[in-house]
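1. okay, here's the prediction I keep looking at, along with the sequence it came from:
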Amino acid sequence: MKKRPELLAPAGTMEKLHMALAYGADAAYLGGAQFGLRAFGGNFTNEEIRAAVQMAHRAGKKIYVTVNVFPHNNDLISLPDYLRFLAEVQADAVLVADLGVFMLVREAAPTLPVHISTQANNVNWRTVRAWQELGAERVVLARELTREEIREIRQHTDVDLELFVHGAMCISYSGRCLLSSYFTGRDANRGSCAQSCRWKYALVEEARPGEYYPIAEDERGTYIMNSKDLCLLPYLDEVVDVGIDSLKIEGRMKSVHYVASVVKAYRMALDACLSDVPYEVQPEWLEELEKVSHRAYTTGFFFGKTTAADQIYGSSSYEQSSDFVGLVRSYDEATQLATVEQRNHMKLGQEIEVFQPEGALFRQELAEMWDADGEPIAAAPHPQQIVRIRMERPAAPNSILRRDVPMKKEEVQ
C-alpha cells in the first residue's frame with residue numbers, strides 16, 4: 001500500500017482556512033500577528049489561532065503556525081509567552097528557521113512539535129539529518145532541489161520531509177533576500193517583503209542620469225528576476241515516489257478562490273496517485289489551475305537547473321480564465337434557492353459555473369435573483385451583497401460561483 005502524503009494548504013484568514021479544509025486539505029499553515037514571514041498575509045490573532053486549531057481538530061485535520069522570522073534581540077522578549085500559548089491551544093507544530101528560536105521552543109514549550117522552515121535553506125542530507133538529531137519532526141526542503149537530490153536526502157534521513165509543489169517562486173535561495181530591505185526598508189526576512197524581484201528594471205549609465213536602456217530587446221524594460229509559478233501536479237506521482245511526506249501549496253496572501261481551486265485540484269490528483277490505477281493527469285485538473293490568478297507555470301528545479309524558459313522577462317502580470325463572483329452560504333432544497341454572498345458583479349443572463357467542495361462542477365444561466373428583502377433584482381453590484389439565486393441543481397454550502405473571462409492578464413505594479 002502506498003504511503004499517504006499530507007496535502008498542506010495556506011490559510012491567510014479564517015475564511016481561507018475554512019475553504020482549504022472544505023476543499024480537501026489535510027492540514028493548513030498560518031501565521032500569527034508576529035514572528036511569521038507574511039506581515040501582510042491576513043495574519044491571525046491569538047483568539048483566531050485558538051479557533052482555527054479547534055476547527056481543524058474537529059475535522060480531524062492539523063494546524064501549523066509559522067514562527068520563521070529571523071529575530072533580532074527585541075523580538076525575543078515576547079516570543080516565549082507566544083510559544084507557550086501555541087502549546088496551550090494545541091497547535092500541531094510550529095515552523096521555525098532560526099536555530100535560536102528552535103532551542104527556545106524546546107525550553108519554553110517542550111511538548112510543541114517543531115518543523116524546520118524552507119527559510120533555513122535545507123538543501124542537503126547532512127543538514128536535514130542534523131535537524132532530525134536535534135529533535136525536529138519535519139524539515140521543509142528548499143525549492144532549489146532536484147528530484148535526485150530529494151531522493152538522496154530521503155535515503156539518509158528518517159524525519160518527515162515537506163516539499164512545495166505549487167505557487168510562487170523566489171529569486172533568492174528560499175526567500176533569503178535583501179532586495180526588499182535595500183529598496184524599500186521592508187525586511188523580507190522579518191515578514192515584510194515588497195517583492196522587488198517582480199519590478200521592471202532597466203539599465204542606467206552613470207554619466208547619463210535619466211536615460212534608461214532596456215536590458216532585453218523590449219521597449220518596456222525587462223523583469224530580470226521574475227520567475228514563473230511552480231506547478232508539479234502533472235508529476236505528482238514522481239513527487240510521491242521520492243518519499244515526500246507533505247505536499248505544500250504556497251499562497252497565504254492569495255484569494256479564497258485560489259485556495260479552494262488549487263487545493264481541490266491537488267486533492268483529486270493526489271487521490272489518483274494513491275489509487276491502484278496508474279497515474280494519469282486529467283485535463284480538468286489543469287483547467288482548474290488556469291482559472292485562478294497565477295503566472296505561467298514551471299516545474300522549477302525538480303527536473304534540474306532552471307533556464308531562461310522558467311522566467312518571465314516581458315512583464316510581471318498574472319493571468320486567469322475565471323472571475324469569482326459569489327460564494328454559496330446555504331441551499332434550500334425545497335425552493336431550489338441558494339443564498340449567495342456576492343464577490344464580484346453579477347447580473348441576469350450571465351452563464352455561471354458552480355464549483356463545489358465535493359462532486360462535479362456544473363454550469364447554468366443566472367436566470368432569477370432576489371435581494372435580501374425578497375425583491376427581484378437584475379444585478380448584484382454591491383460588494384458582499386446577500387442575494388438568493390434559483391439553482392438548476394443543488395449547490396452545496398461553500399460552493400464558488402464564477403464566470404468565464406478571456407484569459408485575463410493583471411499587471412503587477
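-> Here it is on my side, so go on. Residues are numbered from 1 along each chain as shown.

2. elements contacting the longest strand seen in the chain?
-> When secondary structure is assigned using DSSP state E, the longest strand within the chain turns out to be strand 318-332. Contact here means 3 or more CB pairs under 8 Å, 6 or more residues apart in numbering; DSSP states H and E; on that basis strand 318-332 packs against helix 256-273, helix 283-291, strand 337-342, strand 351-355, strand 386-390, strand 400-410. C-betas here are computed from N, CA, C, even on glycine.

3. quick one: the strands in the stretch 1-150 of the chain?
-> Listed in chain order, the strands found in the stretch 1-150 of the chain under DSSP state E, counting those that start in this stretch are 6-10, 27-31, 62-66, 93-96, 114-116, 138-140.

4. select, out of the ones you listed, the one closest to Pro406.
-> Each of the strands of the stretch 1-150 of the chain was scored for nearness to Pro406 using CB to CB, and the closest is strand 6-10 (27.8 Å).

5. per-residue confidence at the residue minimising distance to the centre of the chain?
-> When the chain is reduced to its mean C-alpha position, the closest residue under CA atoms, centre = their mean turns out to be Gly251, at 2.4 Å. pLDDT, Gly251: 90.

6. do you know how far it is from Lys16?
-> 9 Å (CB to CB, to the nearest Å).

7. anything in contact with each of the two?
-> Common contacts of Gly251 and Lys16, defined by CB atoms under 8 Å, 6 or more residues apart in numbering, comprise Pro10, Val259.

8. could you give me the average pLDDT of stretch 167-184?
-> Stretch 167-184 comes out with an average pLDDT of 68.

9. straight-line length of it, end to end?
-> Criterion CA to CA, to the nearest Å; first-to-last residue distance in stretch 167-184 is 24 Å.

10. swap in stretch 209-228?
-> Per CA to CA, stretch 209-228 runs 32 Å from first to last residue.

11. same question, stretch 280-298
-> Between where stretch 280-298 begins and where it ends, there is a gap of 19 Å, by CA to CA.

12. average pLDDT for that stretch?
-> For stretch 280-298, mean pLDDT is 93.

13. one more: stretch 257-268?
-> Predicted confidence along stretch 257-268 averages 97 (mean pLDDT).

14. distance from it to the middle of the chain?
-> Here the centre of mass of C-alpha atoms in stretch 257-268, compared against the chain's by CA atoms, centre = their mean, to the nearest Å, lies 10 Å away.

15. again, but for stretch 279-286
-> Between the mean C-alpha location of stretch 279-286 and the chain-wide mean there is a distance of 20 Å, by CA atoms, centre = their mean.

16. what's in contact with that stretch?
-> Outside stretch 279-286, the residues that touch it by CB under 8 Å, 6+ apart are Leu233, Pro234, Leu236, Asp237, Ala265, Met268, Ala269, Ala272, Cys273.

17. can you give me the buried ones in that stretch?
-> Residues Tyr279, Trp285 are the ones in stretch 279-286 that count as buried (16 or more other CB atoms under 10 Å).

18. repeat for stretch 344-353
-> Within stretch 344-353, judged by 16+ other CB under 10 Å, the buried ones are Met346, Gln350, Ile352, Glu353.

19. same question for stretch 56-72.
-> By neighbour count, with 16+ other CB under 10 Å as the criterion, the buried positions of stretch 56-72 are Ala56, Lys61, Lys62, Ile63, Tyr64, Val65, Thr66, Val67, Asn68, Val69, Phe70, Pro71.

20. now render these as a markdown table, adding distance to Glu107 and pLDDT.
-> Written out in a markdown table, the entries for the buried residues of stretch 56-72 read as follows (distance: CB to CB, whole Å; pLDDT from 0 to 100):
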| residue | distance to Glu107 | pLDDT |
| --- | --- | --- |
| Ala56 | 27 | 98 |
| Lys61 | 29 | 98 |
| Lys62 | 24 | 98 |
| Ile63 | 22 | 98 |
| Tyr64 | 20 | 98 |
| Val65 | 18 | 97 |
| Thr66 | 20 | 95 |
| Val67 | 14 | 95 |
| Asn68 | 18 | 90 |
| Val69 | 18 | 87 |
| Phe70 | 19 | 88 |
| Pro71 | 15 | 89 |
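
21. of these, just say which sits nearest to Ile77.
-> Distances from these to Ile77 were compared by CB to CB; the smallest belongs to Pro71, at 9.7 Å.

22. ok, the closest one to Phe35 distance?
-> Distance from Pro71 to Phe35, counting by CB to CB: 7 Å.

23. identify the contacts common to the two.
-> Among the neighbours of Pro71, those also in contact with Phe35 (CB under 8 Å, 6+ apart) are Leu79.

24. ok so, going back, list buried residues within the contacts of stretch 279-286.
-> So, by 16+ other CB under 10 Å, the buried ones in the contacts of stretch 279-286 are Leu233, Leu236, Asp237, Ala265, Met268, Ala269, Ala272, Cys273.

25. closest one to Leu134 out of these, please.
-> Distance to Leu134, by CB to CB, is smallest for Leu236 among the buried ones among the contacts of stretch 279-286, at 30.6 Å.

26. I'd like the next helix or strand past the helix or strand hosting the closest one.
-> Assigned by DSSP states H and E, Leu236 belongs to helix 236-241. Read in the C-terminal direction, the helix or strand following helix 236-241 is strand 246-249, with elements assigned using DSSP H and E.
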